[in-house]
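A.B. asks: Sequence plus predicted model, see below.
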4 protein chains.
Amino acid sequence: MASDPVLDSLLADLVKANRVLAREGVVDDFGHVAVRDPHDPTRFWLSRSRSPEVVERDDLIRFDLDANPENAGHRRPYLESVLHARILAARPDVMCTVHHHARPVLPYTVTSRKLRPIFHMGSVMGAEVPLWDSQDEFGDTNMLIDTIPKADSLARALGAHTCALLRRHGAVCVGASIPEAVFVAIYMTENAALQYAAEATGLPVDYLRPREIEQTGAMLRTERPLRRAWEYRCARAGFAGL
Amino acid sequence: MASDPVLDSLLADLVKANRVLAREGVVDDFGHVAVRDPHDPTRFWLSRSRSPEVVERDDLIRFDLDANPENAGHRRPYLESVLHARILAARPDVMCTVHHHARPVLPYTVTSRKLRPIFHMGSVMGAEVPLWDSQDEFGDTNMLIDTIPKADSLARALGAHTCALLRRHGAVCVGASIPEAVFVAIYMTENAALQYAAEATGLPVDYLRPREIEQTGAMLRTERPLRRAWEYRCARAGFAGL
Amino acid sequence: MASDPVLDSLLADLVKANRVLAREGVVDDFGHVAVRDPHDPTRFWLSRSRSPEVVERDDLIRFDLDANPENAGHRRPYLESVLHARILAARPDVMCTVHHHARPVLPYTVTSRKLRPIFHMGSVMGAEVPLWDSQDEFGDTNMLIDTIPKADSLARALGAHTCALLRRHGAVCVGASIPEAVFVAIYMTENAALQYAAEATGLPVDYLRPREIEQTGAMLRTERPLRRAWEYRCARAGFAGL
Amino acid sequence: MASDPVLDSLLADLVKANRVLAREGVVDDFGHVAVRDPHDPTRFWLSRSRSPEVVERDDLIRFDLDANPENAGHRRPYLESVLHARILAARPDVMCTVHHHARPVLPYTVTSRKLRPIFHMGSVMGAEVPLWDSQDEFGDTNMLIDTIPKADSLARALGAHTCALLRRHGAVCVGASIPEAVFVAIYMTENAALQYAAEATGLPVDYLRPREIEQTGAMLRTERPLRRAWEYRCARAGFAGL
């Protein structure tokens, strides 16, 4: 195989993203993160069926946007690979997708409570976070996003948002780069925990205002904050330097 | 002693299960995990009286199903070894039993609140989790399950379930393999914590539906999810590879 | 100095107790643990003014029961050394005393809520935990137990109990050995956290009954459970073996 | 450059303060800590734009009190460097400033609940903690303290206090030395978490009385407690000895 430093660097970052999300408690035995191929936008990379904490470069498989694996060999994909495939098909602006069951977001998937930005860092979620329920179109299932129709349905619910909730299940987060999607996943989780605590006081809560969400979210998605956060998260996950 | 690779492998996994449950906070100084002998279903293996975090291969003792130890020598058993013995006697389908005091499940043992699946991973508990109270048949005690009558009573309460709660005390979890029983113990704990948080909002909670519990629980008990989870938990507990 | 293996072993355990209580989050930058001299019951040992996490053998100073240090040299004692002195003076059955500000017990020092055994492990606190308030006899102070009258007042409040709460401040715990006092301190903290969670449901709570507290508390203070717990806590604090 | 042991020692402590605050969860990818120059009170030191966890000596830049960097070279400052500049300009008694988003304090920035000392360690906050809201003078913004007018406004709100809250954002803490400002930041966070838990019981809470706050706060800011705490925090952050 010819040397491909652009791809190599991206896949090294994908391994880091797996470890970072595990380190931060966003994913555990389950959950995954995918990245679009830097040369062919109709392909993406995702680990074989392993927990993010232990994912290595050799676990990464390339898929097309119907979730057909290429050269998977004996490596079995996640049952939910198609979730990433169909979001990447629907959202050409998205380079990286995360699926997780982070505990702090789960209460927002089983009650009527709305997840919304409550401190400046939460602005990366946007003003509104959609909630998708597998019951609506598919009734009783094994709750996996394991078919193209389910994944397409979820992608429609996500729309142009940066994250969405899955009823009784978890969430998806997206970004224009690996650091950005990871940032959204971490601060979605942090905002959920903080919002939960603030609302539990029973007092009126002073959420971010719409124009604050816009301006702060745009600022946080610039290079300086994203780079600082990515360096920090990689260091915590055991990767020295950038 | 003749070489016995089947037994050796199983007991190595039992040591891992002890460490995994300690690492995940399911057990602490107290709590234990047992496995049925692979060659003789009337025997099982359990550590001498040591905390799971520090259990080693040489701590494992073989017992019969009345909790009589074989070749224990100077090694003193747990006072509650009989708990495992009588569940294994009552449940030929069960290969592994866990007893723990994981904090998140405890509130469900001292209030009228029912533990039930609230996110897809909690489906491994089944739709209903029985609660056993030592007061019912035995009145004031030292609260240990340290006699055959108490253990038989608990086994009856467990019935065909995958887990049961012990009033003011803790829980038992079972599985058709070590990874499965450990999986049930971990996600019983996770579900309890999440359910607690969701119910604390005071809002109506959208629990899993009966057919979702069946389908999702069956899917999670298949080889691919169990293997992924077991590899992850072992890695976190310091055991590289499977 | 002549070799004194009994004292050496006890002071090695006192160093371990400092590290164990730090590891378990019972103490932090503040808090301390003392042990009575094995040869002279009118003397006790306590670290100079250092955080338990970093206490070493050379930090230990011997005091009399008025908290006068012997051979302290340049080593400055804790401002609250007298707290240990006067409890040891009042309680000949006590060999080890712990003072801590563990966060889960603090809500019980600033509200009317009573701390009481809610799971079997909490039985070591006894059925009732007294609360001492420095305001009652001393009014506005710097809140330290830094004089003999304050320490005597606290010792009277403790009476024959295994632990007591200090208003807006923390707690003291005692035991007939180092492992026992450490056990009480850890399970006082665990019981407080669990009781808080159970009571936060707003539902009636099924506490331990008086005869359960007696029988279970007595059982837990026997050699087998205490030894298992001590080995575990030492292992977690980085001390291999017993 | 001539040797300057006073400055070297102070900047080594500033690196430690960065790591300590990260280790204690007061700061994360964001947040920062600054120290006034020991020779020129019109200058202060602050890291380039990096997370505190990874700050090293070579990241430290000297600024004037309008936040103009000296010899920054290719090193980009934090967008909020001016926050430290203007507090140091307004408060000649302050040597060290911390800005953080510690989660436990955030609920006090989005509700009407007042942060106040609830246990003796919280007395270092003082009896009252002011709350600054960027909306009051500046309306919708990107929520950063990134201009001199915003920083001056915040400094006015801080007044002579040891800490202040920032609406929907975080907090600032100050001290007469690095260990003192770090101490305030840590115990502001601890007090917030504890106060939250105590108030969540719904019961009347017995806060510290004004004269207790004064006496205890003054005692905690003396050399012995500050030194003990600093040694402990440095040890936890991986710095052996003082």
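C.D. replies: On my side now, so go ahead.

A.B. asks: For A:A34, list the residues it contacts.
C.D. replies: Counting by CB atoms under 8 Å, 6 or more residues apart in numbering or on different chains, A:A34 touches A:14, A:44-46, A:81, A:84, A:88, A:96-97. (C-beta placed from N, C-alpha, C; glycine too.)

A.B. asks: repeat that for 10 Å
C.D. replies: A:14, A:17, A:44-47, A:60, A:63, A:78, A:81, A:83-85, A:87-88, A:94-99, A:174, A:178, A:181 (CB atoms under 10 Å, 6 or more residues apart in numbering or on different chains).

A.B. asks: Likewise for A:R19?
C.D. replies: Here A:R19 is in contact with A:27, A:52-56, A:233-234, A:236-239 (criterion: CB under 10 Å, 6+ apart).

A.B. asks: which residue lies farthest from the center of chain A?
C.D. replies: Farthest-out residue of chain A from its mean C-alpha position, per CA atoms, centre = their mean: A:L203, at 31.3 Å.

A.B. asks: Distance of the residue lying closest to it once chain neighbours are set aside relative to A:L194?
C.D. replies: Distance criterion CB to CB, 6 or more residues apart in numbering or on different chains; nearest residue to A:L203, sequence neighbours excluded, is D:T111 at 4.2 Å. Note on D:T111: its distance to A:L194, by CB to CB, to the nearest Å, is 12 Å.

A.B. asks: neighbour count winner among those two?
C.D. replies: For the pair D:T111 and A:L194, the greater number of neighbours falls to A:L194 (24 against 16), based on other CB atoms under 10 Å in any protein chain shown.

A.B. asks: next one: the host helix or strand of the more buried one to chain centre, how far?
C.D. replies: Element membership for A:L194 (DSSP states H and E) is helix A:178-199. Using CA atoms, centre = their mean, to the nearest Å, the distance from the centre of helix A:178-199 to the centre of the chain it belongs to is 11 Å.

A.B. asks: What mean pLDDT does it get?
C.D. replies: The average pLDDT for helix A:178-199 rounds to 98.

A.B. asks: and if you look at stretch A:142-156?
C.D. replies: pLDDT averaged over stretch A:142-156 gives 98.

A.B. asks: go on, stretch A:31-45?
C.D. replies: In the prediction, stretch A:31-45 has an average pLDDT of 98.

A.B. asks: In that stretch, which residues are buried?
C.D. replies: A:31-37, A:43-45 (16 or more other CB atoms under 10 Å in any protein chain shown).

A.B. asks: Check the gap between A:E128 and A:T162 for me.
C.D. replies: From A:E128 to A:T162 the distance is 10 Å (CB to CB).

A.B. asks: now do A:R43
C.D. replies: Counting by CB to CB, the gap from A:R43 to A:T162 is 23 Å.

A.B. asks: Grab the most central residue of chain A for me.
C.D. replies: A:V98 (2.2 Å).

A.B. asks: Please verify my assumption that that one contacts A:V174.
C.D. replies: Yes. Judged on CB atoms under 10 Å, A:V98 makes contact with A:V174 at a distance of 7.4 Å.

A.B. asks: circling back: got the contact list for the residue nearest to the centre of chain A?
C.D. replies: Taking CB under 10 Å, 6+ apart as the test, what A:V98 contacts is A:17-18, A:21, A:26-27, A:31-34, A:52, A:84, A:163, A:171-175, A:178, A:181-182, A:184-186, A:188.

A.B. asks: Same question for A:R91.
C.D. replies: Counted by CB under 10 Å, 6+ apart, A:R91 has contacts A:36, A:97, A:155, A:158-161, A:174, A:176.

A.B. asks: Show the buried residues in these.
C.D. replies: By 16+ other CB under 10 Å, these give A:36, A:97, A:155, A:158, A:161, A:174 as buried.

A.B. asks: what residue ranges in chain A score low on pLDDT?
C.D. replies: A:1, A:241-242 (pLDDT under 70).

A.B. asks: check contacts around the residue farthest from the centre of chain A.
C.D. replies: Shown in contact with A:L203 (CB under 10 Å, 6+ apart): D:107, D:110-113.

A.B. asks: That one should be in a helix, yeah?
C.D. replies: No. Per DSSP: H, G, I helix; E, B strand; the rest coil, A:L203 lies outside any helix segment and is coil.

A.B. asks: Give me the neighbour count for A:H74.
C.D. replies: Using other CB under 10 Å: A:H74 sits among 5 other residues.

A.B. asks: can you pick the most crowded of the contacts of A:L203?
C.D. replies: Top of these by neighbour count (other CB under 10 Å): D:P107, with 27 neighbours.

A.B. asks: ok, that residue to D:L165 distance?
C.D. replies: Distance from D:P107 to D:L165, by CB to CB: 10 Å.

A.B. asks: and what of A:R103?
C.D. replies: 27 Å.

A.B. asks: likewise A:R221?
C.D. replies: 26 Å.

A.B. asks: Look at these two and report which has more neighbours.
C.D. replies: D:L165 (25 against 19).

A.B. asks: Enumerate every residue touching the more buried one.
C.D. replies: Counted by CB under 10 Å, 6+ apart, D:L165 has contacts D:105-106, D:108-110, D:114-115, D:129-133, D:157-158, D:171-172, D:188, D:192.

A.B. asks: before we move on, back to that, with distance to C:L226 as extra columns, can I get the buried ones among the contacts of A:R91 in a markdown table?
C.D. replies: Below are these laid out as a markdown table (distance: CB to CB, whole Å):
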| residue | distance to C:L226 |
| --- | --- |
| A:R36 | 58 |
| A:T97 | 52 |
| A:A155 | 58 |
| A:L158 | 55 |
| A:H161 | 55 |
| A:V174 | 53 |
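
A.B. asks: Break down chain A into its helices, ranges please.
C.D. replies: A:5-23, A:81-90, A:107-110, A:134-138, A:148-158, A:178-199, A:210-220, A:223-236 (DSSP state H).
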